[in-house]
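Enquirer: Show me the folded form of this:
(4 chains)
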There are 2 protein chains.
Amino acid sequence: MVLNANYTHKKIIKAAHKLFMDLGYRAVSTRRIAEACGITQPTLYHHFSNKKAIYMEVLRTELVDMQNALSRIIKRFEDDIEECLFQVTYYILINKPPSMGQMFHDIQKELDQEHQGIVRKWWMESYQDPIASIFEKGINDQKLRNPSEIGSDPVSSAYLLLSLISSRNTDYKLKESLAKEQARFYVKVILYGLSQSNGQ
Amino acid sequence: MVLNANYTHKKIIKAAHKLFMDLGYRAVSTRRIAEACGITQPTLYHHFSNKKAIYMEVLRTELVDMQNALSRIIKRFEDDIEECLFQVTYYILINKPPSMGQMFHDIQKELDQEHQGIVRKWWMESYQDPIASIFEKGINDQKLRNPSEIGSDPVSSAYLLLSLISSRNTDYKLKESLAKEQARFYVKVILYGLSQSNGQ
DNA sequence: AAAACAGTCTATCGATTGATAGATATGTAT
DNA sequence: ATACATATCTATCAATCGATAGACTGTTTT
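Expert: Numbers count the residues shown, from 1 in each chain, chains lettered A, B, ... in the order given. Here you go, the predicted model:
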């Protein structure tokens, strides 16, 4: 075959992605990744310089995919902020939940300062900016409170929503219907709160 | 000395607590714990049967302390739900923030099913039940919406608040004033939401 | 005084880890 | 056909891990 490298490369990333997200960086050995690919462990080092490089590539593809997905959703529902937040929440809840806490943990604990900076940039582009843009539009359209009123701003609102989504009570694989319910709940609370004195 | 064991025991838990919460279970070796105590690594095994037993004792003391602190705060501010939520949020934010995500990660990834069950019981007693009791009182006093309205209930509301508190953007050591601001923000959002159409 | 125990130490075990050396086979370019 | 590059392999390294064996010391119990 002409370029087997590309194929094996992708196979490694795919297997490593699942393992890293399921079990965490430290709990996944290079031998286990190789085994999942049907190759031997030293072969990994022909395609990647070290374990961390594999992990970085896993993160990069993961975050690029998320950026594309969220951009698509936001463009489609941008006129209705509640529906837009729901669709985004639902999408992330269905596709990512258990990985997210894991991911943040590993980024913070296993990567050095330099690599953290790189990943943080990717993460801002894929999660923070798109979601913050929803809230920003809501503020501009006067559908959300003025930031000065409550101390909110688009970015911290985005963090807020992401905190809920990546919360630890979503360990289990969410069924679609349950995830829908959960997403509706999160969006309702973020927009209207739990207090009695609100219309809808 | 008559009972040096008790002293060393506590010294180990204290050092292990800091290390486990800062770096995570897997990243902390028994040698490092011993070094932080000024003893040798095998000595740990005279006081604890294995590494996991040290971690379990760390969790137990941590959660018992939290239970006492939260009970005290809730008793003191139970008449004003917003102030009560603020005080609880602020206390946790000041005392615990980076540890929490770490803790949940380790409990889920490093402990077997049996130990997870034990810790989960401790965690419910220390965090979930006290905080849920605040929301329950709010519902009974008709200050919060009826659960059927929005899909909320005291327990999932407690989860909601804890998700915000343990969110990843609180890595750094929070300054007191900043933590106050953060806590007010969280409580406002949970009670009143970000939407425009609200009183207060 | 003798026996038992508590608490710490040194030395070491077997397993696993990330990573490298170097051989081999296959395909490409000259 | 020869030379080179790619992709994989076997074998192995040094480091680190959690844990144990067994000696030594001081205190408590009998």
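Enquirer: CA-only coordinates of the strand or helix carrying residue A:87 in CSV, if you can.
Expert: Using DSSP states H and E, residue A:87 maps to helix A:81-95. Written as CSV, here are the backbone C-alpha positions of helix A:81-95 (Å, rounded to 0.1, in the frame of the first residue of the first chain):
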residue,chain,number,x,y,z
ILE,A,81,-32.3,31.9,21.9
GLU,A,82,-34.1,29.3,24.1
GLU,A,83,-34.3,26.8,21.3
CYS,A,84,-30.7,27.5,20.3
LEU,A,85,-29.5,26.9,23.9
PHE,A,86,-31.6,23.8,24.1
GLN,A,87,-30.3,22.3,20.8
VAL,A,88,-26.7,23.0,21.8
THR,A,89,-27.2,21.6,25.3
TYR,A,90,-28.9,18.5,24.0
TYR,A,91,-26.2,17.9,21.4
ILE,A,92,-23.4,18.1,23.9
LEU,A,93,-25.3,16.0,26.4
ILE,A,94,-26.0,13.3,23.9
ASN,A,95,-22.5,13.1,22.4
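Enquirer: That helix near chain B anywhere?
Expert: No. Helix A:81-95 lies apart from chain B when judged by C-beta under 8 Å from any C-beta of the partner chain; the minimum separation is 8.9 Å. The way it works is simple: take the backbone N, C-alpha and C, and place the C-beta from them, glycine included.
Enquirer: quick check: mean pLDDT across that helix?
Expert: When pLDDT is averaged over helix A:81-95, the result is 96.
Enquirer: Now do the same contact list for the closest residue to residue A:25 other than its chain neighbours.
Expert: What sits nearest to residue A:25 in space, not counting adjacent residues and going by C-beta to C-beta, 6 or more residues apart in numbering or on different chains, is residue A:106, at 4.2 Å. With contact set as C-beta atoms under 8 Å, 6 or more residues apart in numbering or on different chains, residue A:106 has these partners: A:20, A:24, A:25, A:26, A:55.
Enquirer: Please flag which of those sit within strands.
Expert: Using DSSP state E, no member of the contacts of residue A:106 falls in strands.
Enquirer: Can you lay out those residues as CSV showing pLDDT and distance to DNA strand D?
Expert: Output for the contacts of residue A:106, formatted as CSV (pLDDT from 0 to 100; distance: C-beta to the nearest atom of the strand, whole Å):
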residue, pLDDT, distance to DNA strand D
A:20, 96, 20
A:24, 92, 15
A:25, 95, 15
A:26, 94, 10
A:55, 98, 19
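Enquirer: So what are the structural domains in chain A, by residue number?
Expert: Structural domains assigned to chain A are A:1-48, A:51-192, following automatic domain parsing.
Enquirer: and the ones you listed, which is most packed in?
Expert: Most buried of the domains of chain A, by mean neighbour count (mean count of other C-beta atoms under 10 Å in any protein chain shown): domain A:51-192, with a mean of 18.
Enquirer: who touches the helix or strand of chain A with the lowest mean pLDDT?
Expert: Within chain A, judged by mean pLDDT, DSSP states H and E, the helix or strand with the poorest mean is helix A:147-150; its value is a mean of 82. Where contact means C-beta under 8 Å, 6+ apart, the residues beyond helix A:147-150 that reach it are A:139, A:153, A:154, B:185, B:188, B:189, B:192, B:194.
Enquirer: if I've got this straight, the residue nearest to residue A:25 is in a strand?
Expert: No. Assigned with DSSP: H, G, I helix; E, B strand; the rest coil, residue A:106 falls outside any strand and is helix.
Enquirer: how distant is stretch A:116-134 from the center of its chain?
Expert: 9 Å (C-alpha atoms, centre = their mean, to the nearest Å).
Enquirer: Please save the CA atoms from it in CSV.
Expert: This file holds the C-alpha atoms of stretch A:116-134, laid out as CSV (Å, rounded to 0.1, in the frame of the first residue of the first chain):
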residue,chain,number,x,y,z
GLN,A,116,-2.4,23.6,28.3
GLY,A,117,-2.2,27.0,26.6
ILE,A,118,-2.6,25.3,23.2
VAL,A,119,-5.6,23.2,24.3
ARG,A,120,-7.2,26.2,26.0
LYS,A,121,-7.1,28.0,22.7
TRP,A,122,-8.8,25.1,20.9
TRP,A,123,-11.3,24.8,23.6
MET,A,124,-12.2,28.5,23.4
GLU,A,125,-12.8,28.2,19.7
SER,A,126,-14.9,25.1,20.0
TYR,A,127,-17.0,25.6,23.1
GLN,A,128,-16.6,28.9,24.7
ASP,A,129,-16.8,31.3,21.8
PRO,A,130,-19.8,29.7,20.0
ILE,A,131,-21.9,29.4,23.2
ALA,A,132,-20.9,32.8,24.4
SER,A,133,-22.1,34.2,21.0
ILE,A,134,-25.6,32.9,21.7
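Enquirer: now it: mean pLDDT?
Expert: The pLDDT scores in stretch A:116-134 average 96.
Enquirer: touching chain B at all, it?
Expert: No. Contact of stretch A:116-134 with chain B is not found when judged by C-beta under 8 Å from any C-beta; the minimum separation is 10.0 Å.
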